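S.K.: what's the 3D shape of this:
(2 chains)
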Amino acid sequence: MSSLTKNTLAGLREILTRGDASSVEITQDYLAEISARRDLNTFITVTQDDALASAKVADQIRAAGQASLTTGLPIAHKDLFCTKGILTSCGSKMLSNFISPYDAEVVSKFKNAGFVMLGKLNMDEFAMGSSNETSYFGPVKNPWSPTHVPGGSSGGSAAAVAARLTPLATATDTGGSIRQPAAFTGTSGLKPTYGRVSRFGMIAFASSLDQGGLIAQTAEDLAIGMQIISGHDNKDSTSALIEVPNYESLLNDSIRGLTIGLPEEFFDSRLDTRMQSQIEEVIRIFTSLGANTVSVSLTHVAEAIPAYYVIAPAEASSNLSRFDGVRFGYRAEKPIDLTDLYERSRGEGFGSEVKRRILIGTYALSEGYFDAYYKKAQQIRRLIKQDFDRAFSLCDLLLSPTTPSTAFALGEKSDDPVAMYLEDIYTIATNLAGLPGGSFQAGLIDELPAGYQLTGPAFSESKILNAAHKVQQATDWHTHYPEEIRNV
Amino acid sequence: MYESVIGLEVHVQLSTLSKIFSGSSTSFGASPNTQASLIDLGMPGVLPTPNAKVFEMAVKFGLAIEAKIGKTSVFDRKNYFYPDLPKGYQITQLDAPIVGLGHVNITLEDGTTKRINITRAHLEEDAGKSLHNSFDGLTGIDLNRAGTPLLEIVSEPELRSAKEAVAYLRVIHSIIRYLDISDGNMAEGSMRCDCNVSIRTQGSKILGTRTEIKNVNSFRFVEKAINSEINRQIDSIEDGQQIIQETRLYDPDKNETRPMRSKEEANDYRYFPDPDLLPVVLDDAFITSCRNSLPELPESRKARYMEAYGISQYDAGVLVADRDVADYFAEIAETSGDGKLSANWVMGNVLADLNQTGRSISQFPVEANDIASLIIRIKDKTLNSKTAKTVFEALLSGEGSVDTIIKERGLVQVTDTGALRSVVDTVIENNPHQVTNYRVAAPDKQGKMLGFFVGQVMKISQGKANPQMVNQILLDKLSG
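M.R.: Residues are numbered from 1 along each chain as shown, chains lettered A, B, ... in the order given. Predicted structure coming up:
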């Protein structure tokens, strides 16, 4: 492994600022690594020529003394962020020919900040999955063990960061799709508050739950990225008109006196004992840094998964209606009539998990079932929000495992959708409540990473990053990367 | 004896410059798909952002029909597949519309008024257009119209005849024109009407099965479509058949309705709140400012015109229906100082021309000021009704101002007694036989016979003689 790609984003920033390496050199190193690790299947598209060209421009800007702190830093985007002129597949056959005519807001913001895009990252089809096995472009391998999944749906983002193929990756989280893969790959991931980051140009799965965020090696790197993508966007009515703090400057605040709530529902008998002991270790570190813990209850959290699997598919069934073979995307050959065009374009263009969720969602919204499913699920959603409000009257942040266990084997759960859905048991409630949540490294269990999750009140991203950063300063878990990579 | 029960759903295109959820232009008639943005095309990842102007327009309409304004209204998705519906759903309002229960008054043929309740009015986006006949074997899709803002106005089923339905539709048209929230052009589809029609035995309280006639695009067709549907339903029931609840289309050429291509299963639109859009919350200050900016509405203008210009309720009703016509009339009446004569001229000549040519008052070539001058010249006896008509025709063909036309065509009415006497003398001299007959006739016959002499005088004077003066002189001379 070249020395440049071992760096964190903050480290690369320093290298560029000091002039120890150029953006072109950094980009070349990453492109070489990406090429060497094709076996992981993390990238759907590598934008080699564009990357080198924009790295060159970045170096010229720097030479002219006009560089910002982030000019020339590398990034890769989850393949559901629209990128102008570049394939944006959403991990689906349906969009395997879709060259986006525009940039997502998040993509523009990184462009404007001078970032160099390395390519587009693999993902579960339409972000539906927890293992990155539903991608039309094949599963992503976990860099820690090629027989294990990297988690999903942002599996490509997490695995690419873990394998040091990019220092920063965009990702999205509808029910845990940033946090769970971050936990499975020993990376740091942040799902911001709903509305903190514009959804414009993010191909929608479930609009009321989807939130764009980031995966990186450290909380510090997440803070650098969050500074760029946070803020109101008048192209997204649901984006929040709330001031953006300076995330990096708040990273080093003392966490003495911080109260950490431990939801009792997340520490029950279902939790793997070794996972539990890793989390207890994290708690010990927090305590040693001056934080207090308190037990809290999220009474309705058991209903989160059923409620989620009504709301998310319901919204998805409608969001995915536009993929009809008429204007863009996959179109069936020689349709005999309109119905045939619809049925075959969608039947052939979507994979089985996407179809399953469209069917569930269509059923849940149907006349006669709407009240029993969709309305009931929205009521549960309100109760879950109230649970969090109550909890945050007693504590500043909630701490729990991110996942019940470490990464599972490829194929282990792919035929059992319910077992797969239960993967998100600790993460899903956060999305239903629209809250920010992060997953950070909590050491290894049998050479596979464990992650802990911090959840905060709305717009408390800086507090989450601050707490995680303090732990990262007191530990070296975030510096671990897979043996295989270490030895390259 | 049957009674018909009719309710209308009127779709009004709001005249915003840009679309309801995107910045694209809404103007009519551009080349296909040149006014469709990424958002109108339903591209992956795009999001709708509401055009705040539509809230103001909808609220003004709500206030004009004295409706309850929905302070929190919600946009919902209506899901169905059709190629001219790019997202696979239409954004509309189901459970929480921006305008709640309101009402309007319509004038019936006997001159009485009837209150028609309006259930609701809600905002939604229009779909694109499918062009089935433009390409051989293919259907073209034009998404220029996709995302044009619509206000759908739903009446209670309180209309009892096709004529009432048209009267109601005219009132709605009049209100949206007064509010200037739509051009109301039915031919261009800016106002479209779905008619729900059922029949029942007179006096029955139970509603019959209804049919819906979709997209009727003129006042005349609304009347004809409803009447033909009522007749069809009566015939069916008399024949012992059941009315099927279905959507029908009106064919103006055959003057009949027929079922739209039948769908085997009923549509389930799977409505749910659109998660991309926040509920629309309107505060009292906003509603007050909408109220303060309301123009005078047709009903109050009608009362004002009756009072100010001394015109009949019927005339006032006709004159205020279109705001521009009402303004035009008012300018004539104010300038000429004669409301009744102004009403007669506007209704008898101006509106007659508009009906005949199909143009609107804004396209009418004669300024209100010119009609007022014409009326002034009638009142000061420069013109009589015959020459006035000649001047009006000349105005229409753009021959200049009223006084120029009078001068150039030599139309000044002859009021000089000496001149008139000499003409009368000539007529008497040339018609000795008729003079003798007149003088021996019974007095009640003489009135009619006088007309002959007046006609002769007018002929010689080329219509310019003052008729009243001619009458007087003739009476004097003939009795002598």
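S.K.: what are the phi and psi values for the one residue in chain B that gets nearest to chain A?
M.R.: Taking Cβ to the nearest Cβ, chain A has its nearest neighbour within chain B at B:Gly88, 2.4 Å off. Where C-beta positions appear, they are placed from N, C-alpha and C, glycine not excepted. Backbone torsions of B:Gly88, given as degrees, to the nearest 10, read phi 80, psi 10.
S.K.: which residues touch the closest residue to chain B within the stretch 301-450 of chain A?
M.R.: Residue of the stretch 301-450 of chain A nearest chain B, by Cβ to the nearest Cβ: A:Ser321 (2.4 Å). By Cβ atoms under 8 Å, 6 or more residues apart in numbering or on different chains, A:Ser321 lies in contact with B:Asn79, B:Phe81, B:Lys87, B:Gly88, B:Tyr89.
S.K.: over to A:Ala21?
M.R.: A:Ala21 sits next to A:Leu4, A:Ile15 when contact means Cβ under 8 Å, 6+ apart.
S.K.: check the secondary structure at it for me.
M.R.: Under DSSP: H, G, I helix; E, B strand; the rest coil, the three-state class of A:Ala21 is coil.
S.K.: quick one, strands of chain A?
M.R.: A:43-46, A:74-78, A:116-121, A:168-173, A:188-191, A:211-216, A:259-263, A:292-296, A:397-401, A:437-445, A:448-455 (DSSP state E).
S.K.: can I get these in JSON lines with mean neighbour count, mean pLDDT and distance to B:Asp403?
M.R.: Below are the strands of chain A laid out as JSON lines (neighbours: other Cβ atoms under 10 Å in any protein chain shown; pLDDT from 0 to 100; distance: least, Cβ to Cβ, whole Å):
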{"stretch": "strand A:43-46", "mean neighbour count": "22", "mean pLDDT": "98", "distance to B:Asp403": "79"}
{"stretch": "strand A:74-78", "mean neighbour count": "30", "mean pLDDT": "98", "distance to B:Asp403": "77"}
{"stretch": "strand A:116-121", "mean neighbour count": "28", "mean pLDDT": "98", "distance to B:Asp403": "77"}
{"stretch": "strand A:168-173", "mean neighbour count": "30", "mean pLDDT": "98", "distance to B:Asp403": "77"}
{"stretch": "strand A:188-191", "mean neighbour count": "33", "mean pLDDT": "98", "distance to B:Asp403": "81"}
{"stretch": "strand A:211-216", "mean neighbour count": "30", "mean pLDDT": "98", "distance to B:Asp403": "74"}
{"stretch": "strand A:259-263", "mean neighbour count": "20", "mean pLDDT": "98", "distance to B:Asp403": "91"}
{"stretch": "strand A:292-296", "mean neighbour count": "15", "mean pLDDT": "97", "distance to B:Asp403": "92"}
{"stretch": "strand A:397-401", "mean neighbour count": "25", "mean pLDDT": "97", "distance to B:Asp403": "88"}
{"stretch": "strand A:437-445", "mean neighbour count": "26", "mean pLDDT": "97", "distance to B:Asp403": "84"}
{"stretch": "strand A:448-455", "mean neighbour count": "28", "mean pLDDT": "98", "distance to B:Asp403": "86"}
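S.K.: mind listing which of the contacts of A:Ser321 are in strands?
M.R.: B:Asn79, B:Tyr89.
S.K.: could you find the closest non-adjacent residue to the residue of chain B closest to chain A?
M.R.: Once flanking residues are discounted, B:Gly88 sits nearest to A:Ser321: 2.4 Å by Cβ to Cβ, 6 or more residues apart in numbering or on different chains.
S.K.: before we move on, the earlier item: turn the strands of chain A into a markdown table, including distance to B:Thr16.
M.R.: Below are the strands of chain A laid out as a markdown table (distance: least, Cβ to Cβ, whole Å):
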| stretch | distance to B:Thr16 |
| --- | --- |
| strand A:43-46 | 40 |
| strand A:74-78 | 35 |
| strand A:116-121 | 37 |
| strand A:168-173 | 33 |
| strand A:188-191 | 37 |
| strand A:211-216 | 31 |
| strand A:259-263 | 49 |
| strand A:292-296 | 50 |
| strand A:397-401 | 46 |
| strand A:437-445 | 40 |
| strand A:448-455 | 42 |
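S.K.: could these go into JSON lines alongside distance to chain B?
M.R.: Converted to JSON lines, the strands of chain A look like this (distance: least, Cβ to the nearest Cβ, whole Å):
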{"stretch": "strand A:43-46", "distance to chain B": "15"}
{"stretch": "strand A:74-78", "distance to chain B": "12"}
{"stretch": "strand A:116-121", "distance to chain B": "14"}
{"stretch": "strand A:168-173", "distance to chain B": "11"}
{"stretch": "strand A:188-191", "distance to chain B": "17"}
{"stretch": "strand A:211-216", "distance to chain B": "11"}
{"stretch": "strand A:259-263", "distance to chain B": "26"}
{"stretch": "strand A:292-296", "distance to chain B": "29"}
{"stretch": "strand A:397-401", "distance to chain B": "25"}
{"stretch": "strand A:437-445", "distance to chain B": "20"}
{"stretch": "strand A:448-455", "distance to chain B": "22"}
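S.K.: could you report the neighbour count for B:Phe329?
M.R.: A total of 30 residues lie near B:Phe329 under the criterion other Cβ atoms under 10 Å in any protein chain shown.
S.K.: is it correct that it falls within a helix?
M.R.: Yes - going by three-state DSSP, the assignment for B:Phe329 places it inside a helix.
S.K.: looking at it, it is touching B:Leu341, isn't it?
M.R.: No - using Cβ atoms under 8 Å, B:Phe329 is not in contact with B:Leu341; the gap is 11.4 Å.
S.K.: sketch out the low-pLDDT regions of chain A for me.
M.R.: A:1-2, A:483-488 (pLDDT under 70).
S.K.: how close does the residue positioned nearest the centre of it get to A:Ser207?
M.R.: The centroid of chain A falls nearest to A:Ile178 when counting by Cα atoms, centre = their mean (2.4 Å). Distance, A:Ile178 to A:Ser207, using Cβ to Cβ, to the nearest Å: 17 Å.
S.K.: ok, now which ones touch the residue nearest to A:Leu422 when sequence neighbours are not counted?
M.R.: Nearest non-adjacent residue to A:Leu422, counting by Cβ to Cβ, 6+ apart: A:Ile305, 6.8 Å away. A:Ile305 is in contact with A:Tyr421, A:Leu422, A:Asp424, A:Ile425, A:Ile428, counting by Cβ under 8 Å, 6+ apart.
S.K.: ok, 10 Å please
M.R.: For A:Ile305, the contact set (Cβ atoms under 10 Å, 6 or more residues apart in numbering or on different chains) comprises A:Gly175, A:Val418, A:Tyr421, A:Leu422, A:Glu423, A:Asp424, A:Ile425, A:Ile428, A:Ala429, A:Leu432.
S.K.: which of these are buried?
M.R.: Among the contacts of A:Ile305, the ones that count as buried by 16 or more other Cβ atoms under 10 Å in any protein chain shown are A:Gly175, A:Tyr421, A:Glu423, A:Asp424, A:Ile425, A:Ile428, A:Ala429, A:Leu432.
S.K.: show me where the stretch 251-400 of chain B has its strands.
M.R.: Taking DSSP state E, counting those that start in this stretch, the strands of the stretch 251-400 of chain B run over residues B:256-259, B:272-273, B:280-281.
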